[in-house]
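1. My questions are about this predicted structure, shown below with the sequence.
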Amino acid sequence: SELKAFNRGFSRKRSSKMSLSGGPPLTFENLKNTALTSTTIVVNTAIWFYLWNFNVNIEKFGYQYEKVVQGKELWRFFSASYAHVHPLHLVFNMASLWNASIMEVYLGHMIYAKYTFILVVLSMATVTVFYYVMIRYFERPHYRHLYSLGYSCVVFGWMMIQCEYFGGHMSYFGLVIPARLSPFLALIITSIIVPRASFIGHLSGIIIGELISRGVFDWFIDYLFLVCVALTGGAALWTFFRRANIMNGIGSPSAVSAQPISYTRDTRRGGSYFYSGVSRDSSGDIETRPGEIKIVNGVLVRSPDL
């Protein structure tokens, strides 16, 4: 069968033992069978190169609660998901995505595209809900200004789907555990190794992946998928060009989120006021806050490293 030819190391039996280390061989046949996965890897790599080559600041494309909710910049759901800053973050995400590429063969290109669309949109929507809860009920106002980016939400979602579909056990760095627990173990290990990693972002991907594997979106037929892609794409483009027009002085400035600045007294800086935001070297899927803004001799000055 096509699935067997794709990767003999995988088995469709639920009693199979899967490994997170290594994906299918990089052959022309496998690339053809995983056209969407391969295209996604190429697109993510091309975007990373563009951002790196032109030194684009994360504020221009990263996800931020304030900009998405107040500024209604819905296009950031997509720009943040497909953008990476650090090459290692890109490599890890794309390697993990390729390890899960068997799902494209197992499910078919259309279903794979639908599930990817659901993971991108709903995982970011879940992140937004989590941030709202943290801000509203746990008094964590800094979540308004955190920036995050990267394909990890989708990767963790596909990891969860793959584990639910195949079952069995997984060998994770030599530790054999039930497959469905592997994404949670990966989430814990990632949070320990990279303290600034977005726990909420990764968890959101796992949640949506679990809902998909449980059949919650089985009603999402091809026709509805295409309609939703058109509507979502149209809304994203409209909010993007709306922001561009306002930045150019066209339209109502009230439609753009005026990012509030939280000033804090710092005696070590000669009594100047500053706020934290996202620095240029912020990592993807890593919650960070930008640079600094200081008041020097009564003038608002932005940190030059931004």
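-> Cool, got the structure.
2. which stretches of the chain form strands?
-> Under the criterion DSSP state E, the chain contains strands at 17-19, 63-64, 147-148, 169-172, 175-178, 264-265, 273-274, 276-277, 289-296, 299-302.
3. weakest of the ones you listed in terms of mean pLDDT?
-> Comparing mean pLDDT across these, the weakest is strand 273-274, with a mean of 28.
4. Near residue 32, how many other residues are there?
-> 9 (other Cβ atoms under 10 Å). For every residue, glycine as well, the C-beta is placed using N, CA and C.
5. Quick one: the helices in this structure, in order.
-> Assigned by DSSP state H, the chain shows helices spanning 2-6, 28-33, 35-53, 65, 76-81, 87-99, 102-107, 109-137, 152-166, 182-193, 199-213, 222-247.
6. Tell me which of the ones you listed sits most buried.
-> Comparing the helices of the chain by mean neighbour count (mean count of other Cβ atoms under 10 Å), helix 152-166 comes out on top with a mean of 26.
7. Give me the local confidence score for residue 137.
-> Residue 137 carries a pLDDT score of 95 in this model.
8. And for residue 270?
-> 36.
9. Relative to residue 144, which of the helices of the chain is closest?
-> helix 65 (5.2 Å; Cβ to Cβ).
10. which residues are in contact with the closest one?
-> Helix 65 has contacts (Cβ atoms under 8 Å, 6 or more residues apart in numbering) with 128, 131-132, 135, 143-146.
11. For those, give me a markdown table that also has distance to residue 52.
-> Output for those, formatted as a markdown table (distance: Cβ to Cβ, whole Å):
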| residue | distance to residue 52 |
| --- | --- |
| 128 | 27 |
| 131 | 27 |
| 132 | 32 |
| 135 | 32 |
| 143 | 27 |
| 144 | 28 |
| 145 | 24 |
| 146 | 22 |
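12. sorry, back to before: ranking the helices of the chain by mean pLDDT, which is last?
-> Note on the helices of the chain: helix 2-6 shows the lowest mean pLDDT, a mean of 42.
13. OK, contacts around residue 123?
-> 153-154, 157, 201, 204-205, 207-208.
14. do the same with residue 159
-> By Cβ under 8 Å, 6+ apart, residue 159 lies in contact with 96, 100, 182-183, 186, 206, 209.
15. who does the nearest residue to residue 76 once chain neighbours are set aside bridge with?
-> Of all residues not flanking residue 76 in the chain, residue 63 sits nearest, at 5.0 Å (Cβ to Cβ, 6 or more residues apart in numbering). Beta-bridge pairing of residue 63 under DSSP bridges involves residue 148.
16. Quick check: residue 63 touching residue 149?
-> Yes. Between residue 63 and residue 149 there is a contact at 6.3 Å, judged by Cβ atoms under 8 Å.
17. Report the set of residues contacting both of the two.
-> What both residue 63 and residue 149 touch, as defined by Cβ under 8 Å, 6+ apart, is the set 79-80.
18. picking up where we left off before, got CSV for the helices of the chain, with distance to residue 174 too?
-> As requested, the helices of the chain are exported to CSV (distance: least, Cβ to Cβ, whole Å):
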stretch, distance to residue 174
helix 2-6, 26
helix 28-33, 27
helix 35-53, 27
helix 65, 39
helix 76-81, 32
helix 87-99, 17
helix 102-107, 22
helix 109-137, 29
helix 152-166, 18
helix 182-193, 12
helix 199-213, 22
helix 222-247, 40
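19. ok, back up a step: what's the closest of the contacts of residue 159 to residue 30?
-> Closest approach between the contacts of residue 159 and residue 30, by Cβ to Cβ: residue 100, at 13.3 Å.
20. how about that closest one, what does it touch?
-> Contacts of residue 100 by Cβ under 8 Å, 6+ apart are 23, 37, 155, 158-159, 161-162.
21. count of residues packed around the closest residue to residue 239 other than its chain neighbours?
-> Spatial nearest neighbour of residue 239, excluding adjacent residues (Cβ to Cβ, 6+ apart): residue 74 at 4.8 Å. Per other Cβ under 10 Å, the neighbour tally for residue 74 reads 20.
22. Good, wrapping up.
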